[in-house]
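# show me how the following folds:
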Amino acid sequence: MQEIRVGLRNRWVLATTLLLAALALSLVLLGSAPTGTVKADPLAVVIVSLSSLTIFLVPLIALLLSFDAIVGEHERGTLMLLLAYPVARWQVVVGKVLGQIVILAIATFIGYGVAAAALWLTSAAVLQAWGGFAAMVLTSVMLGAAFVAMGTLASTLVRERATAAGLAVAVWLFFVLLYDTALLGVLVADAGNHLGTRALDVALLLNPADVYRLFNMSASAGAAIYSGMAGPGAATGLPTGLLLAALTAWVLAPLGLAVLVFQRRPI
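Now for the predicted structure:
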């Protein structure tokens with residue numbers, strides 16, 4: 001609770017909420033404008049647009065929230081005081097991660113909720129598509145949670161905030177920008193000689209951003225059509241249950257590693 005109270009008093013949270021709300025609202029008002037002419041489902045178009053926005057923005061916000069969770073306490077000299085309380089080390093790590101996830105979830109729900117309200121008032125979206133929108137919001141929080149856990153892991157591995165910040169930027173660049181570029185290069189170089197569909201599926205599961213993208217752009221028929229992932233050109237046949245399990249694993253695995261590292265870390 002202390003982590004949540006501190007986070008809610010932080011202007012970063014207000015700025016994050018306003019940024020998500022402004023960008024989401026812009027996508028709703030501008031991105032759904034042509035749907036009346038082309039007879040497209042406006043909500044499915046918004047889901048695809050917001051998913052693309054989330055992949056770039058939410059991981060960055062999550063890493064900025066979490067990169068100094070442990071090392072920041074160490075530099076301020078409050079880590080020893082924190083550990084003097086009757087709490088286990090794993091409880092400190094898990095508590096910080098959960099608090100930051102709650103903060104990120106509040107910003108996401110409010111930001112995307114504003115967009116949903118605007119869309120509800122300005123267009124007649126297909127009722128069934130609202131389930132896809134809710135799934136997009138929930139998986140956006142899960143994606144942020146995965147990067148919060150990775151940011152906290154980075155914070156337990158180093159002794160200086162500047163190093164933790166550098167690691168956070170490197171994590172964002174790798175998973176959001178470089179991974180897919182490198183994977184595409186490997187696939188082009190291989191030309192289908194050695195890497196088959198199964199290898200591609202495994203490679204996509206090894207990136208939480210790709211897991212999130214696949215889930216939200218293929219979970220509903222409308223989103224799959226507008227994202228270009230329907231029909232014979234579909235990128236993968238991974239079931240949505242497996243994608244959700246993989247996204248959950250991307251939250252739990254870095255969190256578990258962060259706990260193990262912090263348990264062995266000297267103060």
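# name the residues that touch stretch 172-183?
Contacts to stretch 172-183, defined as CB atoms under 8 Å, 6 or more residues apart in numbering, come from residues 55-56, 59-60, 63, 147, 203-204, 207-210. Every residue, glycine included, has its C-beta placed from N, CA and C.
# residue 20 contacts residue 106, doesn't it?
No - counting by CB atoms under 8 Å, residue 20 sits too far from residue 106 to count as a contact (10.5 Å).
# please say which of these two ends up with more neighbours.
Shown here are residue 20 and residue 106; by other CB atoms under 10 Å, residue 20 has more neighbours (27 against 17).
# and whatever helix or strand that one lives in, what does it pack onto?
Take DSSP states H and E as the rule and residue 20 turns out to sit in helix 11-31. Judged by 3 or more CB pairs under 8 Å, 6 or more residues apart in numbering; DSSP states H and E, helix 11-31 is in contact with helix 42-66, helix 89-122.
# residue 161: which of the contacts of stretch 172-183 is nearest?
Set against residue 161, the nearest of the contacts of stretch 172-183 by CB to CB is residue 63 (12.9 Å).
# so how far is residue 190 from the closest one?
32 Å (CB to CB, to the nearest Å).
# residue 243 now?
Per CB to CB, residue 243 is found 24 Å from residue 190.
# cool, and residue 86?
According to CB to CB, residue 86 stands 56 Å off from residue 190.
# what about these two, which has more around it?
When residue 86 and residue 190 are compared for neighbours, residue 190 comes out ahead with 12 against 5, by other CB under 10 Å.
# that one and residue 75: what is the separation?
Distance from residue 190 to residue 75, by CB to CB: 46 Å.
# before we move on, the earlier item: alpha carbons only: can I get the helix holding residue 20 in CSV?
C-alpha atoms of helix 11-31 as CSV (Å, rounded to 0.1, in the frame of the first residue of the first chain):
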residue,chain,number,x,y,z
ARG,A,11,3.2,13.5,-10.8
TRP,A,12,4.5,10.8,-13.1
VAL,A,13,1.3,8.9,-12.6
LEU,A,14,-0.8,11.9,-13.5
ALA,A,15,1.3,12.6,-16.5
THR,A,16,1.1,8.9,-17.6
THR,A,17,-2.7,8.9,-17.3
LEU,A,18,-3.1,12.1,-19.2
LEU,A,19,-0.7,10.9,-21.9
LEU,A,20,-2.5,7.6,-22.4
ALA,A,21,-5.9,9.3,-22.4
ALA,A,22,-4.8,12.0,-24.9
LEU,A,23,-3.2,9.5,-27.3
ALA,A,24,-6.1,7.0,-27.0
LEU,A,25,-8.7,9.7,-27.5
SER,A,26,-6.8,11.0,-30.6
LEU,A,27,-6.8,7.5,-32.1
VAL,A,28,-10.5,7.1,-31.4
LEU,A,29,-11.5,10.5,-32.9
LEU,A,30,-9.2,10.4,-35.9
GLY,A,31,-8.7,6.7,-36.5
